[in-house]
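Asks: Turn this into a structure:
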Amino acid sequence: ATGRPLDKHESSLEVLLRYYDQLCSIEPKFPFTESQLCLTFTWKDAFDKGSLFGGSVKLGMASLGYEKSCVLFNIGALASQIASEQNLDNDEGLKTAAKFYQLASGSFAHLKDTVLSALNREPTVDISPDTVGTLSLIMLAQAQEVFFLKATRDKMKDAIIAKLANQAADYYGDAFKQCQYKDTLPKEVFPVLAAKHCIMQANAEYHQSTLAKQQKKFGEEIGRLQHAAELVKTVASRYDEYVNVKDLSDKISRALTAAKKDNDFIYHDRVPDVKDLEPIGKGTLVKPTPVHVPLSQKFTDLFEKMVPLAVQQSMNLYNQRKADLINRSIAQMREATNLANGALASLNLPAAIEDMSGDSIPQSILQKSKAVIEQGGVHTVDQLIKDLPELLQRNKEILDESLKMLDEEESTDNDLRKKFTERWQRTPSNELYKPLRAEGGNFRNILDKAVAADKLVKERYHSHRDTISLLCKPEAELNASIPSANPAKTLQGSEVVSVLKSLLANLEEVKREREQVENDIKSVNFDMTSTFLMALAQDGAINEEVISATELDRIYGSYTQKVQDTLKKQEELLNSIQVSHQEFSKMKQSNSEANLREEVLKNLAVANDNFVELL
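Replies: Predicted coordinates:
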């Protein structure tokens, strides 16, 4: 885009803006250095026209910062050219010109602040801080002049127009001072700046004289018009080949002649000396447009999904920390739920307080039986256990094949390194794929643990299989399998039963809340790529441990607190349930049939809990 001539049009500027945005996007993702990704960017000095025996000055550097600086210079240059091409006789042209002059000023100002740090060496004269600083001021002066023209065209108050013109004169004057003793810019720049300074000052005096006339300060009116006439005369005598001030000169002359005539015949007001005139105020309506990436609203990052190796490694470590935190939180909650289920099963709750008749199936057992049947019962678990060896073998094969590919790649890399010695510059394989090997080791440990866990699962299942099968039977057969006992009607409606029911309901609420927290933790999604990229760009390195710890606490801190709250609440409820159950047991009629029935109901509850855990 920057290697071909560009038209002075916004579409051409858009090309440069998108290219600059893309450079900023890929800068942290690729190692653009002489020792790694070495791309040389060559640019010619914009203001050096060369000599008779040699071409113009040019500089080539293997630095993306240099490329960005040169592209930004071209953005400022093209924006100023687009502004200069506008028709200043209509509002749209005036607005567009002001917009692009300020964009050019901002581009040069940003370059002034960043070029030395971006290059780490002396730049060519055109992009040196002195030169671009002056260019920024020139663009700001032209933008201010556009607002003066707009105010004049809109016939705003003379006091406002005078301030706008005086501020533009100041900007032109400062720019002239900055480059007066430098020969970096084209020679025609200096007389134009000087002429513009005088012209804008003359305009300021002219409009201030009109204000003086309105205030009946006729002597001041003449004094200001005389000063304006002198300024215009200076421009006409020194810089007439660069600017034409005939219209302005005629306007001032007519106003001065009329003012003198009125004063001589009517007012006889004293005309003050120029140095005694009150200074004209200043009013600025312009400022350099800040450079904030992306500059283009149409920018699309072509390498959006690509990140530097350091960021990739940090992402792997972060994801591992995140997985550990999530798994630890979920394990805590599930362990607490299993503990609660086990405690209730050992107390035959809630079946004990539901089983007041002594000869029907408690509602909680019926619900458990229905849930087990709906999930396939023992047939489902039998099939899962049957599939375990095949799944384990497949996972081992995938892992072995992956590690084998890494070994082969490392062997090839070592052979090529020996063959090409120092010419083989790529990162050694054992360093490049260290995170992958670490991940492979983690998966190997997981598989080893899975083998041991499979054995425990099988033993646990076989010890409860008969009772789970009992839960799979129809309601009539299940009821027949549970021993009958004498009814305990005296306990129906008692306070202790009501308390137990309330405590059990609260415990179920805690379990449901815990399930919701688990779902919420699993659904949290946050991409750390931009955070690590920003850290790398700002500091040149990534303190992954500190950044990850901070972000994980920010993202998951509230969830881990909820986990702890549910654990604490469950502990309090279980203590209260045990105390109430002791009172319930003392009140309950005790006989061998009732004890046998209660034991069977406990076993059924335990079998259901084991079935749920196995799935």
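
Asks: And the pLDDT at the closest residue to residue 433 other than its chain neighbours?
Replies: Counting by CB to CB, 6 or more residues apart in numbering, residue 433 lies nearest to residue 406, which is 5.5 Å off, once chain neighbours are set aside. C-beta coordinates here come from the backbone N, C-alpha and C atoms, glycine included. pLDDT recorded at residue 406 is 86.

Asks: Distance check, residue 406 against residue 420.
Replies: Plainly put, residue 406 is 21 Å away from residue 420 if you go by CB to CB, to the nearest Å.

Asks: Remind me which helix or strand the residue nearest the centre of the chain belongs to.
Replies: Centroid check for the chain by CA atoms, centre = their mean gives residue 530 as the closest residue, at 5.5 Å. Residue 530 is part of helix 529-539 when elements are defined by DSSP states H and E.

Asks: now swap in residue 499 and tell me
Replies: In this structure, residue 499 is located in helix 495-523 according to DSSP H and E.

Asks: What are the buried residues along that helix?
Replies: Residues 496-497, 499-500, 503-504, 507, 510-511, 514, 517-518, 521 are the ones in helix 495-523 that count as buried (16 or more other CB atoms under 10 Å).

Asks: how about these in a markdown table, adding pLDDT and distance to residue 66?
Replies: Output for these, formatted as a markdown table (pLDDT from 0 to 100; distance: CB to CB, whole Å):
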| residue | pLDDT | distance to residue 66 |
| --- | --- | --- |
| 496 | 76 | 84 |
| 497 | 76 | 83 |
| 499 | 84 | 79 |
| 500 | 82 | 78 |
| 503 | 87 | 73 |
| 504 | 86 | 73 |
| 507 | 87 | 68 |
| 510 | 89 | 63 |
| 511 | 88 | 63 |
| 514 | 89 | 58 |
| 517 | 90 | 53 |
| 518 | 89 | 53 |
| 521 | 90 | 47 |
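
Asks: which of those residues sit farthest apart?
Replies: Using CB to CB, those span at most 37.5 Å, a distance reached by 496 and 521.

Asks: quick one on the thing from earlier: heading C-terminal from the helix holding residue 530, find the next helix or strand.
Replies: Toward the C-terminal end, the helix or strand that comes next after helix 529-539 (DSSP H and E) is helix 544-587.

Asks: and that next one with helix 495-523, angle?
Replies: Relative orientation of helix 544-587 versus helix 495-523 (axes from the mean of the first three to the mean of the last three CA atoms, to 10 degrees): 160 degrees.

Asks: Let me know how buried residue 321 is, in neighbour terms.
Replies: Neighbourhood size, residue 321 [other CB atoms under 10 Å]: 16.

Asks: If you drop the residues flanking it in sequence, what lies closest to it?
Replies: Nearest one to residue 321, counting by CB to CB, 6+ apart, is residue 548 at 5.2 Å.

Asks: can I assume that neighbour is in contact with residue 317?
Replies: Yes - with contacts counted by CB atoms under 8 Å, residue 548 reaches residue 317, the gap being 6.8 Å.

Asks: who has more neighbours, the two?
Replies: Between residue 548 and residue 317, counted using other CB under 10 Å, the more crowded position is residue 548 (23 against 16).

Asks: quick revisit: helix/strand/coil for the residue nearest to residue 433?
Replies: Following DSSP: H, G, I helix; E, B strand; the rest coil, residue 406 is assigned to helix.

Asks: quick one: it and residue 429, what's the gap?
Replies: Taken as CB to CB, the span from residue 406 to residue 429 is 8 Å.

Asks: Just want to know which of these two has more residues nearby.
Replies: Higher neighbour count among residue 406 and residue 429: residue 429, with 20 against 16, using other CB under 10 Å.

Asks: quick one: pLDDT of that one?
Replies: Per-residue pLDDT puts residue 429 at 81.

Asks: Show me the shaky parts of this structure.
Replies: Scanning the chain with the threshold set as pLDDT under 70 gives 1-5, 31, 33-37, 49-56, 354-359, 483-494, 587-595, 615.

Asks: Where do the strands of it begin and end?
Replies: Using DSSP state E, the strands of the chain run over 41-44, 58-61.

Asks: and the last one, how far from the chain's centre?
Replies: Relative to its chain's centre, strand 58-61 lies at 34 Å (CA atoms, centre = their mean, to the nearest Å).

Asks: C-alpha coordinates for it, CSV please?
Replies: The C-alpha trace of strand 58-61 is given here as CSV (Å, rounded to 0.1, in the frame of the first residue of the first chain):
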residue,chain,number,x,y,z
LYS,A,58,17.6,6.7,2.7
LEU,A,59,17.6,4.4,5.7
GLY,A,60,16.9,0.7,6.0
MET,A,61,16.3,-0.9,9.3
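
Asks: still on that earlier bit, sort out which one of the buried residues of helix 495-523 lies nearest residue 473 for me.
Replies: Of all these, residue 504 has the smallest distance to residue 473: 25.9 Å, by CB to CB.

Asks: Excluding chain neighbours, give the residue nearest to that closest one in space.
Replies: residue 350 is the one closest to residue 504 (CB to CB, 6+ apart), at 5.2 Å.

Asks: right, and the one you found touches residue 365 too?
Replies: No - using CB under 8 Å, residue 350 is not in contact with residue 365, being 9.4 Å away.

Asks: Looking at these two, which is more packed in?
Replies: For residue 350 versus residue 365, the count of surrounding residues by other CB under 10 Å is larger for residue 365: 24 against 20.

Asks: Stretch 536-556: which residues count as buried?
Replies: 536, 542, 544, 547, 548, 551, 552, 555, 556.

Asks: now the third one: how far from residue 24?
Replies: When distances are taken as CB to CB, residue 544 and residue 24 turn out to be 24 Å apart.
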